[in-house]
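>>> Kindly return the folded structure for what I paste below:
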Amino acid sequence: MTETTNGVFDLLIVGAGPAGLAAAAEAARLGLSVAVIDENPSTGGQIYRNITRQSAAGDPKILGPDYFYGTNLVAEAHASDATFLCEATVWMIQSNQEEPLVTVGVLRGEGAEILTSRHVLIATGALERPFPVKGWTLPGVMTAGAAQTMLKTSGTVPEGRVVLAGTGPLLYLLAAQFARASMPLLVILDTTPRANWLKALPHLPEFVASEYFRKGLGLLAEVRRSTRIIGGVTHIEAGGDGQLEFIEYEAAGRRGRFETDIVLLHQGVVPQVNLAMAAGCEHVWSDDRLAFEPYLLDGFRSSVRGVSIAGDSMGIGGALAAEASGRIAALHIAHDLRKLSDSERDRRIRHPQSTLRKALRGRRFIDALYKPAKAFRIPQDDVIVCRCEEVKAGDVRAAAARGAQGPNQAKTFLRTGMGPCQGRLCGLTVTEIMACQTGKTPGDIGYFHIRNPVKPITLGALSHLKGDSETTRLF
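Predicted coordinates for the structure are as follows:
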């Protein structure tokens with residue numbers, strides 16, 4: 001276990017996925033006192049979920065070699081002197097402007113505590129992009145990521161007639177994993193816009209030279225052998241009487257319908273920004289990836305002193321890119337804390353930098369090809385966009401028409417972003433609807449103002465707060 005100086009860690013890492021694990025191993029190897037905090041029962045993050053618990057989900061034939069690559073990374077991190085705090089939720093990050101320390105609020109069980117560190121690395125990964133279509137709140141409609149979580153955690157797959165709908169690499173990876181698990185899909189409704197191929201074409205040579213090309217061709221061929229694929233889908237609507245019963249679609253001007261028990265929706269992933277935004281880190285809108293991403297300085301340092309961001313939290317790049325970015329961030333942090341000289345940092349950083357460049361090769365093609373269609377990001381008036389408060393797209397447009405200038409003003413009219421998910425399932429949709437309605441860019445409209453506590457915490461837990469007594473002033 002990590003030994004701290006006066007109870008102060010050198011580095012606190014939020015997230016035990018590829019970036020967090022790699023950073024922990026690298027930093028601990030250099031003599032830093034390190035703690036890793038994660039909400040899950042075990043380390044690995046979403047990509048390597050449950051990898052330390054080889055259950056029925058741990059079948060190499062189903063999940064594939066990319067999943068089991070994470071075994072070595074997890075082992076490396078756990079072999080270090082880093083401390084791992086699992087089933088723990090970070091509800092606050094606050095940089096101290098008077099001294100170079102960062103306080104982190106952690107909830108474990110029923111108790112809250114404050115940890116202090118010289119530096120914090122946010123490595124919370126990604127979440128699935130909202131996919132608001134008519135009927136997406138019906139029982140029986142879920143995300144593809146949730147289905148993959150079930151597969152990795154317990155080795156279970158959905159029963160009945162299953163339709164997979166959307167766009168992005170995960171769509172075909174999950175379809176292949178289901179086929180290996182002897183769970184045939186009824187159909188894949190691919191919503192990738194035809195026009196995206198022309199936009200992606202300039203990046204094709206780089207993509208062909210990448211690992212994505214070989215793996216993508218293999219996955220596509222594997223899926224085509226077992227599953228019907230309908231491409232060019234421009235409209236999706238789920239329906240049923242209190243429960244999913246069917247899905248309707250339109251492709252090439254023709255409408256179709258499938259009776260179904262389960263629909264899995266997916267149109268890519270975006271960085272998890274709530275924790276970093278609540279910490280005060282500056283974010284900017286990316287037109288290429290249609291998401292807010294943190295503004296980062298050298299070494300993945302954020303705009304807030306003592307806070308760095310790595311992995312998919314800073315931009316979607318996949319597991320290998322996340323691992324490399326975690327190592328790079330850790331080396332820069334060690335240098336800042338005077339554990340490494342300039343020359344030693346530069347020497348050690350060459351390999352992960354090379355790995356990162358290689359891992360990101362081909363991403364521009366993927367970003368362009370799988371950019372979701374406007375119709376699936378900015379829905380019609382009768383579609384619910386905020387599931388927590390049951391707010392429809394038309395309500396958001398009406399708020400903008402009444403003078404709301406952005407998501408935060410819309411929140412006062414509609415309570416959008418105030419439910420349990422704190423805007424994770426509606427934030428991007430609300431921003432894009434308002435931008436379209438007002439004629440502004442999403443960057444000008446902005447995102448919800450995320451405040452601490454960024455995750456729910458009871459007053460009882462706060463009343464028994466352990467740690468820095470000054471932190472209670474934050475509220």
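
>>> could you say which helix or strand contains R338?
Per DSSP states H and E: R338 is located in neither a helix nor a strand.

>>> So for it, what's the pLDDT?
Predicted confidence (pLDDT) for R338: 95.

>>> can you check W197 too?
On the pLDDT scale, W197 gets 96.

>>> and the gap between it and A221?
Here the criterion is Cβ to Cβ, to the nearest Å. By it, W197 lies 19 Å from A221. (C-beta placed from N, C-alpha, C; glycine too.)

>>> So what touches stretch 354-368?
Stretch 354-368 has contacts (Cβ atoms under 8 Å, 6 or more residues apart in numbering) with 169, 196, 199-200, 203-204, 206-207, 209-213, 288-289, 316-318, 320-321, 323-325, 328.

>>> Any idea how many residues pack against the spatially closest residue to T167 that is not a sequence neighbour?
Counting by Cβ to Cβ, 6 or more residues apart in numbering, T192 is the residue found nearest to T167 once chain neighbours are left out, at 4.4 Å. Neighbours of T192 under the rule other Cβ atoms under 10 Å: 21.

>>> quick one: contacts for T192?
By Cβ under 8 Å, 6+ apart, T192 lies in contact with T167, G231, G232, L369, Y370.

>>> TSV for these, including distance to G446, pLDDT and secondary structure?
Below are the contacts of T192 laid out as TSV (distance: Cβ to Cβ, whole Å; pLDDT from 0 to 100; DSSP: H, G, I helix; E, B strand; the rest coil):
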residue	distance to G446	pLDDT	secondary structure
T167	26	97	strand
G231	35	96	coil
G232	34	96	coil
L369	28	97	helix
Y370	25	97	coil
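
>>> Can you say which of the residues you listed are buried?
The neighbour count (16 or more other Cβ atoms under 10 Å) marks T167, L369, Y370 as buried among those.

>>> and after the helix or strand where D66 lies, which helix or strand comes next?
Using DSSP H and E, D66 falls within helix 65-68. Counting by DSSP H and E, the element after helix 65-68 in chain order, helix or strand, is helix 70-79.

>>> What distance do you get for the closest residue to K152 other than its chain neighbours to E39?
Spatially, and ignoring its direct neighbours in sequence, K152 is nearest to R49 (4.4 Å; Cβ to Cβ, 6+ apart). Look at R49 and E39: by Cβ to Cβ, they are 12 Å apart.

>>> Neighbour count for the two, which is higher?
A count of neighbours by other Cβ under 10 Å puts R49 above the other of R49 and E39, at 23 against 15.

>>> measure that one to T149 for me?
Counting by Cβ to Cβ, the separation of R49 from T149 is 6 Å.

>>> List the contacts of the helix holding D66.
Contacts of helix 65-68 (Cβ under 8 Å, 6+ apart): I47, Y48, I51, P60, K152, K215, A319.

>>> can you put these in JSON lines and add pLDDT, neighbour count and secondary structure?
As requested, these are arranged in JSON lines below (pLDDT from 0 to 100; neighbours: other Cβ atoms under 10 Å; DSSP: H, G, I helix; E, B strand; the rest coil):
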{"residue": "I47", "pLDDT": "91", "neighbour count": "22", "secondary structure": "coil"}
{"residue": "Y48", "pLDDT": "92", "neighbour count": "25", "secondary structure": "coil"}
{"residue": "I51", "pLDDT": "86", "neighbour count": "23", "secondary structure": "coil"}
{"residue": "P60", "pLDDT": "70", "neighbour count": "10", "secondary structure": "helix"}
{"residue": "K152", "pLDDT": "88", "neighbour count": "24", "secondary structure": "helix"}
{"residue": "K215", "pLDDT": "91", "neighbour count": "15", "secondary structure": "helix"}
{"residue": "A319", "pLDDT": "95", "neighbour count": "23", "secondary structure": "helix"}
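
>>> from the residues you listed, which is closest to R397?
Within the contacts of helix 65-68, proximity to R397 (Cβ to Cβ) peaks at I47, which comes in at 36.8 Å.

>>> Which residue lies closest in space to the closest one, excluding its sequence neighbours?
Setting aside the residues directly before and after it, I47 is nearest to A319 in space (Cβ to Cβ, 6+ apart), at 4.8 Å.

>>> mind checking pLDDT for the residue nearest to T167?
97.

>>> got the contact list for L32?
Counting by Cβ under 8 Å, 6+ apart, L32 touches D10, L11, A330, I333, A334, L337, K339.

>>> If we use 10 Å, what do you get?
2, 9-11, 23-24, 26, 80-82, 117-119, 330, 333-334, 337, 339 (Cβ atoms under 10 Å, 6 or more residues apart in numbering).
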